[in-house]
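In: sequence first, then the predicted structure:
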Protein chains: 2
Amino acid sequence: MAEKDSCADGDPAELMQVLAYVEGQRQAYIERLLAYVARPSISAHGVGIEETAEFLLGYLQGLGMESQLLAGGGWPFVYGRNCRSPGAPTVLLYGHYDVQPPDPLEAWESPPFEPEIRDGRIWGRGVGDNKGQHLAQLLAIESWLAVSGGLPCNVIVLLEGEEEIGSPHISDCVRVHRDLLADADLVITADGPVHESGQPCIKFGPRGIASFELRVRHAERDFHSGNWGGVAPNPIWTLVHLLATMKNSRGEVIIDGFYDNVAPLGELERAALDALPVDTAAVMAGAGLARLDEPLERPFFDRLAAWPTFTINGFHGGYGGPGTKTVLPREATVKCDMRLVENQSVEEILDKVEAHVRCHAPEVEVIRQGGMEPSSTPLDSPYTQPLQKAFRAAQGEDPLLIPAMGGSLPDYAWTKILGVPSFTTPYANHDEANHAPNENLEVERFIAGIRTGAAVLAYLGTHS
Amino acid sequence: MAEKDSCADGDPAELMQVLAYVEGQRQAYIERLLAYVARPSISAHGVGIEETAEFLLGYLQGLGMESQLLAGGGWPFVYGRNCRSPGAPTVLLYGHYDVQPPDPLEAWESPPFEPEIRDGRIWGRGVGDNKGQHLAQLLAIESWLAVSGGLPCNVIVLLEGEEEIGSPHISDCVRVHRDLLADADLVITADGPVHESGQPCIKFGPRGIASFELRVRHAERDFHSGNWGGVAPNPIWTLVHLLATMKNSRGEVIIDGFYDNVAPLGELERAALDALPVDTAAVMAGAGLARLDEPLERPFFDRLAAWPTFTINGFHGGYGGPGTKTVLPREATVKCDMRLVENQSVEEILDKVEAHVRCHAPEVEVIRQGGMEPSSTPLDSPYTQPLQKAFRAAQGEDPLLIPAMGGSLPDYAWTKILGVPSFTTPYANHDEANHAPNENLEVERFIAGIRTGAAVLAYLGTHS
């Protein structure tokens, strides 16, 4: 170690005590996570959200934070701050306490809201996305307070209840409550999975997302396919033919102007992305995939993170039960999301989708379901190095630097509204199955998350 | 009336008594239909089928018929015969006692198996398709027996329990039990709706049907659309792109060789089809349609009856609940039927579908779900005239002669296996909503059906 830190061995002395404390609390902290996951908090269905927000408010107050629920127009943001370290930077720790709907229920091996431990993993809805990850951050704070009575840097906590429905109010919240957030120097989000290889990582920019529904209803009732087939238009065919004009079979979105604003990666970022290890055979085997998605000539991580997508989340119309039913259905619906990259914007893309649909199938209704802008933080931010050191101290391994990530997080609220750099430090295993049945979090990754959270506070504290 | 009948006024004297008797029984007969519709008999789900078959067996025995259940490999055929009129022709009256599944239940104004009378119609699953229609035939027999103690021609009754799942065993049944059926001179089926105009009609040939499912499963679990979008293939897109290679947006099936065997209509049939009245504006208004299906340059009745179709009955994959879910689903399924016309065959068409899928998307599984061959009876059959006379006597109106019909009935079993002409004499109103919620039958059409059934027996009896 050529470099000199404020602590002789690269680990602040107090951090070692904090990490030892975390180890002593291991069982208790796991129980705390199980109890937290057992609370359903499904933003899409409005289930359990307010109760969970109140619980978190109480918890932050117990940690001695100045805390409040911020009404943002939808489900509340839980806010807390503990800023008693003059001269040290202020980190905003962002997370979300809402979870995805758990269906299809029958595909779960244990009930989604009765978490249990099997095979070294905790199984339950939201355990990885995002309860286990922001709880790790909070337990890191709790551990610091227990060991030293204070925190090595200033902390703002902001926990959202609408991330899984696209964070529709986060930009308003940041604008309206700018006074509560403006002294943040950086934002850290522990969410999403670590790199495929299992190596920890720091991610610098999530894709954006634009969600919409395509709906068509040709009639008020279903028809008999024999007595009407050939004369009554079929809403499923209408959508099939429309969709085929929006993305071709080679995986290219062919909506006019869709790729126009895609920003090319910077040199550093391009090099980092190209340097990421990937074993596509292992990725395919792990996910049970016989092939990957096209266009294959575009590199794996480009397609996964630095290039926009058009995913159909669901297509439903007509008969889906057992056997056959000779029905010509009256209506059909397609739910879609598009992942966006830097310089694309939600409004621009939804406008282009709508213009396309108006032109190709004006009878189809486009229902805009909101979105999130893309975001990127440069790899050479001054906070990159303290974060790298923290990972090294907590996990004994250098984190990969990932310039772009596939999922969407509301980082744009930090980079584009607050104007500060934003980092994602994922703690979850790559096969966490978030948004799917049998979501899980490896126990050791949860513990490593608490350790890393504690180390991040330490190294930010020594940074000036 | 220039023509001389065996009865001075064109109505056999006894028929007048029978029709008067039917009028006297009106309320009782309606009650009988309500009780019959209240029996669920859903072949696709195996619900109530055997009980209904036993009930019908008892009823035919009560009518003095030699009756039995014919095991056909699936749900039983109910068979009865009453052949005591030497010299008179033998008519086989075919119908089906199974009904379509009633879902979506929430769309029904009254429960599907608790039939009720509103606005001059009886509402319930199967009331038009086909219980009200074959019950009308049986009540015509019952009325003849009550009035005269015998029937004017010989009758075989054959009621199937698998029509709504494609009559998979009817050809076997006809082959195995040929001795019970071979003396039939013609077959009459009362099923489907009358002409759009409300005018009664005789139909000479149903389309065939070939049903299949397309299924693709790319993985064992669902994915997060952010963490996998761009690299995990999407089964919905796979099916969308496959379907777009099977039928174009102009409504033309573009599967290799699909139209190769379509037989052109005969001269008489062509003229009859062209002569059929149609008010497309009224058809659209009645069905709540803003447009008709393409290709519009092909005449309405060609598309409806004399030309094959490719209908998607249902498309299901991924999330379909409220709000959004950023899922990239593991699997998707499409249920389809194709209506076939004379000289196309089920096997030929399913082979062509399978060859197409193997070539364009080999990862998609084609599940054959059976079918029914098309059938046609020439307009100049010797039985056309007695049937026309019967309609005139019972309904006071000439029936339209419709050379081809849109729906599928197992007439091929009569025309292609038994080798006799087959006629469909529909009694249901055109908006019966068969296969859809709120299926209904106009009370007066049910009564007219009984009258027509009685008259048909009379005029066949005077034919030799």
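Out: Looks like it came in fine.

In: isn't A:G161 up against A:S43?
Out: Yes. With contact defined as Cβ atoms under 8 Å, A:G161 reaches A:S43; the gap is 5.9 Å. The C-beta positions use only the backbone N, C-alpha and C, and glycine is treated the same way.

In: so what's in contact with these two at the same time?
Out: Residues touching both A:G161 and A:S43 (Cβ atoms under 8 Å, 6 or more residues apart in numbering or on different chains) are A:I49, A:W75, A:D98.

In: out of those residues, name the ones that lie in strands.
Out: Among the shared contacts of A:G161 and A:S43, no member falls in strands (criterion: DSSP state E).

In: would TSV of these with neighbour count be doable?
Out: Listed next are the shared contacts of A:G161 and A:S43 as TSV, based on neighbours: other Cβ atoms under 10 Å in any protein chain shown:
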residue	neighbour count
A:I49	22
A:W75	25
A:D98	27
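
In: burial of A:E220, as a residue count?
Out: Counted with other Cβ atoms under 10 Å in any protein chain shown, the neighbours of A:E220 add up to 11.

In: ok, the residue nearest to A:G73 when sequence neighbours are not counted to A:A71 distance?
Out: In space, and not counting its chain neighbours, A:G73 is closest to A:H169: 4.4 Å by Cβ to Cβ, 6 or more residues apart in numbering or on different chains. The spacing between A:H169 and A:A71, counted by Cβ to Cβ, to the nearest Å, is 9 Å.

In: higher neighbour count, the two?
Out: Using other Cβ under 10 Å, the more surrounded residue of A:H169 and A:A71 is A:H169, with 23 against 13.

In: name the nearest of the shared contacts of A:G161 and A:S43 relative to chain B.
Out: Among the shared contacts of A:G161 and A:S43, A:D98 lies closest to chain B (Cβ to the nearest Cβ), at 11.3 Å.

In: report the contact partners of that closest one.
Out: Counted by Cβ under 8 Å, 6+ apart, A:D98 has contacts A:41-43, A:49, A:52, A:75, A:126, A:160-165.

In: what does A:P437 give?
Out: Contacts of A:P437 by Cβ under 8 Å, 6+ apart are A:P102, A:P104, A:L105, A:A107, A:W108, A:P112, B:R221, B:D222.

In: that one: what secondary structure?
Out: Here A:P437 is coil, with the state taken from DSSP: H, G, I helix; E, B strand; the rest coil.

In: now A:L328. Nearest residue, chain neighbours left out?
Out: In space, A:L328 is closest to A:F223, 4.1 Å off (Cβ to Cβ, 6+ apart).

In: for the one you found, the count of nearby residues, please.
Out: 26.

In: residue of the stretch 51-200 of chain A with the smallest distance to chain B?
Out: A:I165 (5.8 Å).

In: ok, now the stretch 351-464 of chain A?
Out: A:G407 (3.0 Å).

In: so what's that residue up against?
Out: Shown in contact with A:G407 (Cβ under 8 Å, 6+ apart): A:D191, A:G192, A:P206, A:R207, A:R339, B:H224, B:G226, B:N227.

In: now do 7 Å
Out: Counting by Cβ atoms under 7 Å, 6 or more residues apart in numbering or on different chains, A:G407 makes contact with A:G192, A:P206, A:R207, B:H224, B:G226, B:N227.

In: now, of these, which are buried?
Out: Neighbour counting with 16 or more other Cβ atoms under 10 Å in any protein chain shown marks A:G192, A:P206, A:R207, B:H224, B:G226, B:N227 as buried within the contacts of A:G407.

In: go ahead and confirm the first one touches A:Y427.
Out: Read that as A:G192. No. A:G192 lies out of contact with A:Y427 (Cβ atoms under 7 Å); the separation is 9.0 Å.

In: what segments of the stretch 201-350 of chain A are helices?
Out: For the stretch 201-350 of chain A, the helices defined by DSSP state H, counting those that start in this stretch cover A:225-228, A:235-244, A:267-275, A:280-287, A:300-301, A:346-360.

In: the first one vs chain B: in contact?
Out: What it means is helix A:225-228. Yes. On the criterion Cβ under 7 Å from any Cβ of the partner chain, helix A:225-228 is in touch with chain B at A:S225, A:G226, A:N227.

In: pLDDT of the helix or strand hosting A:M16, averaged?
Out: Using DSSP states H and E, A:M16 sits within helix A:13-37. The average of the pLDDT scores along helix A:13-37 is 97.

In: just stretch A:80-92 next, same as before
Out: The pLDDT scores in stretch A:80-92 average 92.

In: in that stretch, what counts as buried?
Out: Applying 16+ other Cβ under 10 Å to stretch A:80-92 flags A:G80, A:R81, A:N82, A:C83, A:S85, A:A88, A:P89, A:T90, A:V91, A:L92 as buried.

In: pLDDT below threshold where in chain A?
Out: A:1-11, A:464 (pLDDT under 70).

In: how is it carved up into domains?
Out: A:13-206+A:375-461, A:208-263+A:276-372 (automatic domain parsing).

In: contacting residues around the residue of the stretch 51-200 of chain A closest to chain B?
Out: A:S43, A:A44, B:G323, B:T324.

In: excluding chain neighbours, what is closest to it?
Out: According to Cβ to Cβ, 6+ apart, the nearest residue to A:I165 is A:S43 (4.8 Å).

In: that neighbour: how many residues sit nearby?
Out: A:S43: 26 neighbours (other Cβ under 10 Å).

In: sorry, back to before: dump the contacts of A:I165 into a markdown table; add distance to A:E373 as well.
Out: Output for those, formatted as a markdown table (distance: Cβ to Cβ, whole Å):
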| residue | distance to A:E373 |
| --- | --- |
| A:S43 | 19 |
| A:A44 | 21 |
| B:G323 | 20 |
| B:T324 | 17 |
